[in-house]
Each structure stands twice: as structure tokens, then as C-alpha cells.
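Asks: task: produce atomic coordinates for the following.
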Amino acid sequence: MTQASDTHSKTVGYVLWLFGFTGAHRFYYGKPVTGTLWFFTLGLFGIGWLIDLFLIPSMDRQADLRFRSGKVDYSIAWILLTFLGVFGVHRMYLGKWITGVLYFCTLGLLGLGYLYDYWTLNDQITLVNAAS
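Replies: The predicted model follows:
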């Protein structure tokens, strides 16, 4: 049996949970569908957000099993996306300099690229880590 790598952090999960009514923590743990649902319903009207306080340890374990560790740190990339995503800093961190500069000049492609990255960032990081 192989040991799961620690790709995601409970601490970062709880910090993003503070913004959980936007679904940030759910996106972080690789749950884009429910993350989007939380975004549009403000954390299922606050009820789902509160329940997630207790579900974060299990979401963390699932993400650690699902995603691949490597040179790019998931937590750093997610913090950069969450707080500086419209400026493309997370893309530059991934080595995607052209799209990073494009995001910087267009404020995350007017927010649409920013939302796209919420859906796909975990997979983007896994691909970069698999190539290294």
C-alpha cells in the first residue's frame, strides 16, 4: 500500500473556509461542482458552510489521495489564486508566464479566466508536477 502525499493543507483549508460562502475551500479540495453551488448560494445559505467546518479533515484526506505532489505546492498556488488571481500571479508561479501577463493586463480575462482556474487549478498543478 502506498503512502498518500500531503498535497493539501488543513490550515489553508480552514483559512479558505473563512471565505467558504464563496466555495473557496471546496474548490481547493478539488470539488468544483459543489464549490460553484456554494458560490451561488452563499454556502448553501450558510448551512453548508457551517457543516464544512467539520468536513474539512475528510476533504483534506481525499485531496491528498487524489492529487500528485511535486515541485509546485498546491497550497501556495491556491493562496495566490484566491488573493491575487485576477493579476495572474498563480499562473506565473506555475510557469505559465504568457497567460499570467495576459491575466495581469485583463484582470483575469475579466474574471472568466479566474473562475476557470478555480475549476481547474488542481489538475493544472498535477500536470506540472507529473512533468517534473
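
Asks: ok, Ile79 to Phe40 distance?
Replies: Distance of Ile79 to Phe40, given as CB to CB, to the nearest Å: 23 Å. (C-beta placed from N, C-alpha, C; glycine too.)

Asks: try His25
Replies: 16 Å.

Asks: and the two? which has more neighbours close in?
Replies: Ranked by neighbour count (other CB atoms under 10 Å), His25 and Phe40 place His25 first, with 29 against 10.

Asks: pLDDT score for that one?
Replies: Note on His25: pLDDT of 96.

Asks: which SS class is it?
Replies: Under DSSP: H, G, I helix; E, B strand; the rest coil, the three-state class of His25 is helix.

Asks: tell me which residue is most central in the protein.
Replies: Residue closest to the average C-alpha location in the chain (CA atoms, centre = their mean): Tyr28, at 3.1 Å.

Asks: care to break the protein down by domain?
Replies: Here the domain parsing of the chain from automatic domain parsing is 10-66, 74-131.

Asks: how far off centre is the shortest one?
Replies: Pointing back at domain 10-66 there. Taking CA atoms, centre = their mean, to the nearest Å, the mean C-alpha location of domain 10-66 is offset from the chain mean by 10 Å.

Asks: and the end-to-end length of it?
Replies: End-to-end distance for domain 10-66: 15 Å, by CA to CA, to the nearest Å.

Asks: touching, Gly48 and Trp38? I think so.
Replies: Yes: at 6.2 Å, Gly48 and Trp38 qualify as touching, with contact defined as CB atoms under 8 Å.

Asks: rewinding a little: which ones are touching the residue nearest to the centre of the chain?
Replies: Residues near Tyr28 by CB atoms under 8 Å, 6 or more residues apart in numbering: 8, 12-13, 16, 63, 74, 78, 122.
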